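K.L.:
Pasting the sequence and the predicted coordinates here, then a few questions.
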Amino acid sequence: MARQTVQNQHELANLHTIKKFELIEAYVKTWAQKLLNFSQCNGIVFIDSMCNSGLYEDAEGTLVYGTPIRVANLLSSVMQDYSQKKATLYFNDLSKAKIDVLRNNLPSQTANFQWVLNHGDGNALLKQMKIDTKQGLHFLLVYDPYQASIDWKALMPFWDTWGELIINHMVSDSIRGVAQARKDSSIAKYEETYQAKIDELIGCNRAAFETKIKEIITAQRQNNSRQYYVSSFPFFNRQNTVVYIIHCTGNAAGFKLYKKTAWQVFGGKSSGKNTRGTEDQLMFDMAGDGGIITPADDDCYYVKDIAAYIHESFKGKKDVPFNDVWGLLELHPIFPSEGFRPEIKQELKAAHNVSISKNTMTFQ
């Protein structure tokens, strides 16, 4: 009876959803500690604009905690070591019933650990928030748009703050929804999200939709001269259908940290896609020198793909400093520059005959 009760109360969390919870939790852990150790940071603010109840079940009927409970428990513990700084968490959902469930499953508040619950339109909440960049607060907003609808005006204040965004881009919903859109309200939703007329969107594949989102983010920041970093990692369900998690930040350290965390959560690759062993399949490189290669999958990269990218970038160069090699990866939207250096070096030596000394690499 207990299992039946759980199934009646909580939504099902598929493996890719649970993996998303794990990524956000893992990133928040390192994000928070890195910032709280920084003297100019007075506190952190975490916002989940569509948080749900925080309670799910997996395919076996086992209770699974979602993002709000995971992050709240984590930061409640972390803040015990930073009594002079403060963490404020905002959780919003359209459903009051879900917020009421969440309320009963959050840790106790303290002087430097506070949470605020709200039920309603997440975009309205974001527009009401007053962001003062002079307070020394760092924001992390998890934006999960309802029915693939992104309100760019709600996000605009967060582009230029000392903060970061994680956008859940339901690209599969958009591909299906754009083709079926008939009502004026549906058409307007997609035109606002992708800043394009519906006729331009019909027939777009997921790569095109992802590119449009990145172009909009860049355009939103056209008056800001600071370097901005955007990375996207796909999450795959059992049918290998994709959902993108897009991370945006003006902080190079946050960009490097997020890529490293994502690869660690996915077990040393860039996504959870089931490649069914094709990552090790050999084939002739007809576009190159005719040698034997293992093809790269743009939806799921491995360390071997990082090594191949490095080798191609420095081919024929001698005594390349390590800093140049890792610096190349720092700007890559997916490949991590930290966390996998020993594995990358080993792959460079084994697959590309790269000579590695104490501080440099020589490429054939």
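P.N.:
Yep, it's here. No experiment lies behind these values; they were computed from the predicted model shown. Numbering: from 1, shown residues only.

K.L.:
excluding its backbone neighbours, what's nearest Y82?
P.N.:
L36 (4.8 Å; C-beta to C-beta, 6 or more residues apart in numbering). Heads up, the C-betas are built off the backbone N, CA and C, glycines and all.

K.L.:
any idea how far that neighbour lies from N112?
P.N.:
10 Å (C-beta to C-beta, to the nearest Å).

K.L.:
can you check S231 too?
P.N.:
With C-beta to C-beta as the criterion, S231 and N112 are 31 Å apart.

K.L.:
Looking at those two, which is more packed in?
P.N.:
Comparing S231 with N112 by other C-beta atoms under 10 Å, the one with more neighbours is S231, at 21 against 15.

K.L.:
would you say the more buried one is within a strand?
P.N.:
Yes. Per DSSP: H, G, I helix; E, B strand; the rest coil, S231 lies within a strand segment.

K.L.:
which residues touch it?
P.N.:
Contact analysis of S231 by C-beta atoms under 8 Å, 6 or more residues apart in numbering lists I246, H247, F255, Y258, K259, A262, P333, I334.

K.L.:
Drop anything exposed from those.
P.N.:
Buried members of the contacts of S231, counted by 16 or more other C-beta atoms under 10 Å: I246, H247, F255, Y258, K259, A262, I334.

K.L.:
Next SSE downstream of the helix or strand harbouring the second one?
P.N.:
The reference is to H247. Using DSSP states H and E, H247 sits within strand 242-249. Using DSSP H and E, the helix or strand that follows strand 242-249 in sequence is helix 252-265.

K.L.:
ranges for the helices of the stretch 51-200 of the chain?
P.N.:
With helices called from DSSP state H, counting those that start in this stretch, the stretch 51-200 of the chain shows them at 67-78, 96-103, 122-128, 152-159, 171-180, 184-194, 198-201.

K.L.:
Show me which positions of the shortest one end up buried.
P.N.:
So that's helix 198-201. Within helix 198-201, the residues that qualify as buried are I198, L201, counting by 16+ other C-beta under 10 Å.

K.L.:
Show me what the lengthiest helix in the chain is packed up against.
P.N.:
Longest helix of the chain, by residue count under DSSP state H: helix 15-36. The contact analysis (3 or more C-beta pairs under 8 Å, 6 or more residues apart in numbering; DSSP states H and E) places helix 15-36 against strand 43-48, strand 63-65, helix 67-78, strand 137-143, strand 163-169, strand 229-236, strand 242-249, helix 252-265.

K.L.:
Looking at the contacts of S231, spot the one nearest L141.
P.N.:
When the contacts of S231 are compared for distance to L141 (C-beta to C-beta), H247 wins out at 10.9 Å.

K.L.:
how near is that closest one to Q128?
P.N.:
For H247, the distance to Q128 - C-beta to C-beta - is 24 Å.

K.L.:
Where does pLDDT dip in the stretch 151-300 of the chain?
P.N.:
For the stretch 151-300 of the chain, residues meeting the criterion pLDDT under 70 lie at 160, 222-225, 237-243, 275-296.

K.L.:
If we use 50, what do you get?
P.N.:
Within the stretch 151-300 of the chain, the segments meeting pLDDT under 50 span 279, 281-287, 290-293.

K.L.:
can you give me how far stretch 190-206 is from the chain middle?
P.N.:
Centroid separation between stretch 190-206 and its chain, computed with C-alpha atoms, centre = their mean, to the nearest Å, is 23 Å.

K.L.:
Use 555 as the first number for this chain going forward.
P.N.:
In the new count, where the first residue is 555, that last one comes out as stretch 744-760.

K.L.:
and it, which residues are buried?
P.N.:
For stretch 744-760, a neighbour-count test (16+ other C-beta under 10 Å) marks Y744, E745, T747, Y748, I752, L755, C758, R760 as buried.

K.L.:
nearest to T772, of those residues?
P.N.:
Here the nearest of the buried residues of stretch 744-760 to T772, counting by C-beta to C-beta, is Y748; it sits at 14.0 Å.

K.L.:
Distance check, the closest residue to S909 other than its chain neighbours against V908.
P.N.:
Distances taken as C-beta to C-beta, 6+ apart place T916 nearest to S909, at 4.3 Å, with adjacent residues excluded. Distance of T916 to V908, given as C-beta to C-beta: 7 Å.

K.L.:
what about Y581, neighbour count?
P.N.:
Y581 has 23 neighbouring residues, counting by other C-beta under 10 Å.

K.L.:
Distance of K684 relative to D873?
P.N.:
For K684, the distance to D873 - C-beta to C-beta - is 53 Å.

K.L.:
Then E576?
P.N.:
40 Å.

K.L.:
Over to S891?
P.N.:
20 Å.

K.L.:
Specify which residue of those two has the higher count of neighbours.
P.N.:
Per other C-beta under 10 Å, whichever of S891 and D873 has more neighbours is S891, with 21 against 11.
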